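S.K.: Predicted coordinates and the sequence they were generated for:
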There are 2 protein chains.
Amino acid sequence: MARATTSTRPPGRPRSGVDATVFAATLNAVHELGYAHATVDRIAAAAGVAKTTIYRRWPSKGALITACLVDAFGPAPLTGASREEIMSTAIRWIAAKIGEPGIGAAFAGVFTDAVNDSALRQILSTQLQDPYRLALEEALDEPENRVLFFIDVVVGTLLHRMGMTGEPMVDADVDALVEMVLRALP
Amino acid sequence: MARATTSTRPPGRPRSGVDATVFAATLNAVHELGYAHATVDRIAAAAGVAKTTIYRRWPSKGALITACLVDAFGPAPLTGASREEIMSTAIRWIAAKIGEPGIGAAFAGVFTDAVNDSALRQILSTQLQDPYRLALEEALDEPENRVLFFIDVVVGTLLHRMGMTGEPMVDADVDALVEMVLRALP
């Protein structure tokens, strides 16, 4: 699979050792048990920390999963000589990320919980989606509603494929996704 | 919202009164409580039936949700004078369905469970996706892999929007989705 270059850790406050341990235990639990069975109880046990240690940092399972995804994704590689190249690089980057163990299941699960949880939608919007949305608006010179549409299309398509097949999308279909989205860029 | 015409019940074995009661209780529980909290226990209690009555018909929550979605969707309206019209009608139909109470949350939830559950993926593929896939392959004269790609794009996009906003996609964005997919039809 033609994976995008590995992202580096975002600048800013370095995460503590506890955060790193909990994030690794979270992705592992989601990968091994599935989203529904990866409870905060089980994650805490696997990480070797008290449940209160987790709830002091993240008020809910959804908030923990969101923080875990933000950490795993890091900044998107929004580089390229043209809007087409930037978009293409970004799509291949998120496709590779969603294929990593636990990530697709965690991502799909937190969106599912969010359908009926407005507090979680707020966390997802502001902590996970907004940084990428703002960077994409600037890099592509596209308005907010178009960038949100492209995020729905790309992430939604990749997650639906994971749910139906249990596997990341194969290269030929990622190519088709890139081609379709580039044709929709005005 | 420009909704597609309401589908009629599919021909074949009429569903029993118990099925209808359980399906209504299921969608209502998912709508009110969210997918994770809509347990088989709670659905049975709301439907006024024994839990064993549910498990005799559907071996798992995922199987129940799938049957509920098959019942709620009915056959897709795959009519039109051209492939473009057929595709456009089908997209608007599923967009309206996913906007109905409980449907988007049930749909997103069952895909999430399926990421780590191969038995459920099998149920979803054969009972929910295959009938639409086969009908679309014939109506559009497109091969299986292309039809699966379009299903990922359309359903994935609509469900991602529900997860991020808690609301169905607005008409202008459904229009953009239709336009994008039609351009990708060869």
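M.R.: Done, it's in.
S.K.: Let me know the distance separating the residue nearest the centre of chain A from chain B.
M.R.: The geometric centre of chain A, computed from its C-alpha atoms, lies nearest to A:Leu69 (C-alpha atoms, centre = their mean), at 4.9 Å. A:Leu69 sits 13 Å away from chain B, going by C-beta to the nearest C-beta, to the nearest Å. From N, CA and C alone the C-beta is placed, and that goes for glycine too.
S.K.: what's the host helix or strand of that residue packed up against?
M.R.: Using DSSP states H and E, A:Leu69 maps to helix A:61-73. Contact here means 3 or more C-beta pairs under 8 Å, 6 or more residues apart in numbering or on different chains; DSSP states H and E; on that basis helix A:61-73 packs against helix A:17-33, helix A:40-47, helix A:51-57, helix A:83-98, helix A:103-115, helix A:118-123.
S.K.: show me what contacts A:Val174?
M.R.: The contact partners of A:Val174, by C-beta atoms under 8 Å, 6 or more residues apart in numbering or on different chains, come to A:91-92, A:95.
S.K.: Measure how the helix or strand hosting it sits relative to helix B:171-184, angle-wise.
M.R.: Per DSSP H and E: A:Val174 is located in helix A:171-184. Put simply, helix A:171-184 runs at 120 degrees to helix B:171-184, going by axes from the mean of the first three to the mean of the last three C-alpha atoms, to 10 degrees.
S.K.: how about helix A:171-184: buried residues?
M.R.: A:173-174, A:176-178, A:180-181, A:184 (16 or more other C-beta atoms under 10 Å in any protein chain shown).
S.K.: Next, count neighbours for A:Asp152.
M.R.: 23 (other C-beta atoms under 10 Å in any protein chain shown).
S.K.: contacting residues around it?
M.R.: Applying C-beta under 8 Å, 6+ apart to A:Asp152 gives the contacts B:157, B:160-161, B:164, B:169, B:173.
S.K.: if we go to 10 Å?
M.R.: Shown in contact with A:Asp152 (C-beta atoms under 10 Å, 6 or more residues apart in numbering or on different chains): B:156-165, B:169, B:173, B:177.
S.K.: Can you tell me how far A:Pro77 is from A:Leu69?
M.R.: Look at A:Pro77 and A:Leu69: by C-beta to C-beta, to the nearest Å, they are 17 Å apart.
S.K.: ugh, wrong one, I meant A:Ala36
M.R.: Distance, A:Ala36 to A:Leu69, by C-beta to C-beta: 17 Å.
S.K.: can you check A:Leu120 too?
M.R.: From A:Leu120 over to A:Leu69 the distance is 12 Å, taken as C-beta to C-beta.
S.K.: Tell me how many other residues crowd the residue nearest to A:Thr26 when sequence neighbours are not counted.
M.R.: Residue nearest to A:Thr26 in three dimensions, not counting chain neighbours: A:Cys68, with 4.8 Å by C-beta to C-beta, 6 or more residues apart in numbering or on different chains. By the measure other C-beta under 10 Å, the count of residues near A:Cys68 is 25.
S.K.: wait, A:Cys68 sits on A:Ile103?
M.R.: Yes. Between A:Cys68 and A:Ile103 there is a contact under C-beta atoms under 10 Å: 8.9 Å.
S.K.: so what sits against both of the two?
M.R.: Counting by C-beta under 10 Å, 6+ apart, the residues touching both A:Cys68 and A:Ile103 are A:27, A:30.
S.K.: The residue nearest to the centre of chain A: what's it in contact with?
M.R.: With contacts defined as C-beta under 10 Å, 6+ apart, the neighbours of A:Leu69 are A:23, A:26-27, A:97, A:102-103, A:106-107, A:110, A:124, A:127-128.
S.K.: circling back: any chance of the buried residues of helix A:171-184 in a markdown table with pLDDT as columns?
M.R.: Below are the buried residues of helix A:171-184 laid out as a markdown table (pLDDT from 0 to 100):
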| residue | pLDDT |
| --- | --- |
| A:Asp173 | 96 |
| A:Val174 | 96 |
| A:Ala176 | 96 |
| A:Leu177 | 97 |
| A:Val178 | 96 |
| A:Met180 | 96 |
| A:Val181 | 96 |
| A:Ala184 | 92 |
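S.K.: Helix A:61-73 and the helix or strand hosting A:Leu134, what's the angle between them?
M.R.: Assigned by DSSP H and E, A:Leu134 belongs to helix A:130-140. Helix A:130-140 runs at 40 degrees relative to helix A:61-73, counting by the same axes, to 10 degrees.
S.K.: how much does helix A:130-140 deviate in direction from helix A:83-98?
M.R.: Going by the same axes, to 10 degrees, helix A:130-140 makes 150 degrees with helix A:83-98.
S.K.: what's helix A:130-140 packed up against?
M.R.: helix A:61-73, helix A:83-98, helix A:144-165 (3 or more C-beta pairs under 10 Å, 6 or more residues apart in numbering or on different chains; DSSP states H and E).
S.K.: where does chain A dip in pLDDT?
M.R.: Of all residues in chain A, those with pLDDT under 70 make up the ranges A:1-15.
S.K.: Give the single residue among the contacts of A:Val174 positioned nearest to B:Ser82.
M.R.: A:Ile91 (29.4 Å; C-beta to C-beta).
S.K.: quick one on the thing from earlier: okay if I get the contacts of A:Val174 as CSV plus neighbour count and distance to chain B?
M.R.: Putting the contacts of A:Val174 into CSV (neighbours: other C-beta atoms under 10 Å in any protein chain shown; distance: C-beta to the nearest C-beta, whole Å) gives the following:
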residue, neighbour count, distance to chain B
A:Ile91, 24, 13
A:Arg92, 21, 16
A:Ala95, 26, 12
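S.K.: Of the residues you listed, which is the nearest to A:Asp141?
M.R.: Each of these was scored against A:Asp141 by C-beta to C-beta, and A:Ile91 proved nearest at 17.5 Å.
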